[in-house]
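*Asks:* return a 3D structure for these sequence lines:
(one chain, ligands or ions: 2)
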Amino acid sequence: MKPDLFEAPDYYNLDDLLTEEHKLVRTAARDWVKRDVSPIIEEAAQKAEFPKEIIKGLAEIGAFGPYIPEEYGGAGLDQISYGLIMQEIERGDSGVRSTASVQSSLVMYPIYKFGSETQRKKFLPKLASGEFMGCFGLTEPDHGSNPGGMVTNFKDKGNHYLLNGAKMWISNAPFADVAVVWAKDESGRIQGLLVERGMEGFSTPTTHNKWSLRASATGELIFDNVKIPKENLLPNKSGLGAPLMCLDSARFGIAWGAIGAAMDCYDTALRYAKEREQFDKPIGAFQLQQKKLAEMITEITKAQLLAWRLGTLRNEGKATSSQISMAKRNNVEMALKIARESRQILGGMGITGEYSIMRHMMNLESVITYEGTHDIHLLITGMDITGLNAFK
Ligand code: TGC
Ligand code: FAD
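*Replies:* Ligands and ions are numbered 1, 2, ... in the order given. Take a look at the predicted model:
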């Protein structure tokens, strides 16, 4: 793969809106991605292997629980810092950002928000340091966009719960030490359970043959009469609203992360267009290529503004789920379109692993589907503005 020469575009001087802390956090993440991710990520993706050696670095840049308080091992940062870290990591690879998103928003967040003090102390510091890795089981084979229909369930057996069912498409599952699993109790109410590796009847088979997020490990969670100690139930919230709150946090991170993938594609295409000559001129001198590049920087700038404003709203505790849906949907589609246009600017070279663009493009096909599909987020906006539910 080519050396990582990435330079981040900032067409509207958005750095002026960031604090010194934001910039420091971003620089640390950016430098780490250049040093430790870019040199190894293409090979990991080609081999379809999660590069476990980066776990320590992810923890060191604060990517595991950026906004979880320091007393639990988190970085104690604000939401914009969280977004910037996700942006920089996804600039390297969406699969690596997935690992960080899941660990932070889908595992540490529910334990912090809905867990007991004992659960927080037992799991959060180890998750923050990367000693423990986690995963989040909501999706089932027959219930993806409609998680409320889940059939995974547990029964109260007196001194423990008995868990049965299956989850699929679970990021980090193959190596996770702990799974935050959403299942129905005997009254049909959705609850969160902490399922630990080694519990009898619990297995995590790997999902193979993905053409997308190849550097992220995906798997199933199978529960065959798993005995769950009662202290592993998340006590402080039940109902579908609990996992949806986690998704709000992860979708916010994706809205930022997708900008990173888009910036990387744009930066690569811009450099290539200035260097590659055809008909005795750099291809960047042709109007058709300039149109592509000009539209890309316009869309990136709009996405950056959306993410920044959403970050300020989240810092104030005012961002609605629908606002988060709009940003996730817009920014991921923006990144996918930019990946496709950038790929064309590189001609045949664009399909090779010499450049990151094709990998970003394939990754973004998952990003536009997980954490709520493109259609689902549109319906969330539709319901918000009309008051009418078009899901059911
Ligand atoms: P609905 O009836 O609308 O809501 C059920 C209950 O939840 C409440 N609620 C929320 N609470 C907190 N935060 C939110 N964002 C909430 N949204 C809704 C709601 O008030 C209600 O509460 P109550 O007390 O009345 O019961 O639910 P619905 O069944 O109609 O579904 C709505 C819908 C379709 C929007 C939702 O289910 C949805 O978002 N579906 C998409 C599923 C999804 O995003 N799955 C993601 C799986 S995880 C993943 O993909 C990880 S990828 C990780 C990576 O690698 O990065
Ligand atoms: P379906 O829900 O079957 O949807 C199929 C199509 O129908 C989509 O186009 C959808 O938009 C459309 N559709 C569905 N309902 C409606 C409707 N009401 N109106 C109009 N159109 C509709 N899940 C987890 O729980 N944890 C994870 O860690 C996780 N990681 C993932 C990693 C990867 C690589 C992938 C691909 C998925 C992951 N997921 C995870 C699952 C992901 O969240 C689901 O794939 C996603 O929510 C969509 O569910 P589905 O694939 O079952 O599609």
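
*Asks:* from now on I want contacts and neighbour counts done on CA atoms only, so please keep to that.
*Replies:* Fine.

*Asks:* what are the ranges of the strands in the stretch 51-200 of the chain?
*Replies:* 134-137, 153-156, 160-171, 178-184, 190-196 (DSSP state E, counting those that start in this stretch).

*Asks:* single out the most deeply packed of those strands.
*Replies:* strand 134-137 (a mean of 28; mean count of other CA atoms under 10 Å).

*Asks:* that one: how far from the chain's middle?
*Replies:* 12 Å (CA atoms, centre = their mean, to the nearest Å).

*Asks:* do stretch 232-248 and ligand 2 come into contact?
*Replies:* No - no part of stretch 232-248 sits near ligand 2 under the criterion CA under 6 Å from any ligand atom; the closest distance found is 9.3 Å.

*Asks:* give me the contact list for that stretch.
*Replies:* The contact list for stretch 232-248 (CA atoms under 8 Å, 6 or more residues apart in numbering) reads 105-106, 109-111, 113-116, 119, 138, 147-148, 182, 189-195, 321, 324, 371.

*Asks:* go again using 6 Å as the cut-off
*Replies:* With CA atoms under 6 Å, 6 or more residues apart in numbering as the test, stretch 232-248 has contacts from 105, 106, 114, 115, 189, 190, 191, 192, 193, 194.

*Asks:* if you drop the residues flanking it in sequence, what lies closest to residue 372?
*Replies:* Leaving out its chain neighbours, the residue that sits closest to residue 372 by CA to CA, 6 or more residues apart in numbering is residue 145, at 6.5 Å.

*Asks:* what about the one you found, neighbour count?
*Replies:* If you count neighbours by other CA atoms under 10 Å, residue 145 ends up with 17.

*Asks:* going forward, begin numbering at 54 instead of 1
*Replies:* OK, 54 is where the count begins now, so the last one is residue 198.

*Asks:* check which helix or strand residue 280 maps to.
*Replies:* Secondary structure from DSSP states H and E places residue 280 in strand 271-282.

*Asks:* quick one: distance of whichever helix or strand comes after that strand to the chain centre.
*Replies:* Next helix or strand after strand 271-282 toward the C-terminus (DSSP H and E): helix 294-328. On the basis of CA atoms, centre = their mean, helix 294-328 sits 9 Å off its chain's mean C-alpha point.

*Asks:* and after helix 294-328, which helix or strand comes next?
*Replies:* strand 330-331.

*Asks:* what does that next one contact?
*Replies:* By CA under 6 Å, 6+ apart, strand 330-331 touches residue 336.

*Asks:* and the next helix or strand past it?
*Replies:* strand 334-335.

*Asks:* how many neighbours does residue 396 have?
*Replies:* If we define neighbours as other CA under 10 Å, then residue 396 has 25 of them.

*Asks:* go on, the one 10 residues further on?
*Replies:* Applying the criterion other CA under 10 Å, we find 16 residues in the vicinity of residue 406.

*Asks:* returning to what we had before: looking at the strands of the stretch 104-253 of the chain, which is nearest to ligand 1?
*Replies:* strand 213-224 (5.0 Å; CA to the nearest ligand atom).

*Asks:* sheet partners, orientation included, of the closest one?
*Replies:* strand 206-209 (antiparallel), strand 271-282 (antiparallel) (DSSP bridges).

*Asks:* quick one: closest of those to ligand 1.
*Replies:* strand 271-282 (8.3 Å).

*Asks:* would you mark the buried spots in that closest one?
*Replies:* 271, 272, 273, 274, 275, 276, 278, 279, 280, 281 (16 or more other CA atoms under 10 Å).

*Asks:* and if you look at stretch 69-88?
*Replies:* 75, 78, 79, 80, 82, 83, 85, 86, 87.

*Asks:* next: stretch 88-106.
*Replies:* Quick answer for stretch 88-106 (16+ other CA under 10 Å): 90, 91, 92, 94, 95, 97, 98, 101, 103, 104.

*Asks:* where exactly do the helices run in the stretch 104-253 of the chain?
*Replies:* 108-113, 132-145, 147-154, 162-167, 170-182 (DSSP state H, counting those that start in this stretch).

*Asks:* mind giving me CSV with these and columns for mean pLDDT, mean neighbour count and distance to residue 438?
*Replies:* Below are the helices of the stretch 104-253 of the chain laid out as CSV (pLDDT from 0 to 100; neighbours: other CA atoms under 10 Å; distance: least, CA to CA, whole Å):
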stretch, mean pLDDT, mean neighbour count, distance to residue 438
helix 108-113, 98, 18, 39
helix 132-145, 98, 28, 26
helix 147-154, 98, 27, 29
helix 162-167, 98, 21, 29
helix 170-182, 98, 19, 38
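
*Asks:* stretch 94-106 and ligand 2, are they touching?
*Replies:* No - Stretch 94-106 does not reach ligand 2 (CA under 6 Å from any ligand atom); its nearest approach is 12.2 Å.

*Asks:* contacts (any at all) between ligand 1 and that stretch?
*Replies:* No - using CA under 6 Å from any ligand atom, stretch 94-106 stays clear of ligand 1, coming no nearer than 12.4 Å.

*Asks:* stretch 384-399 too?
*Replies:* No - Stretch 384-399 lies apart from ligand 1 when judged by CA under 6 Å from any ligand atom; the minimum separation is 12.4 Å.
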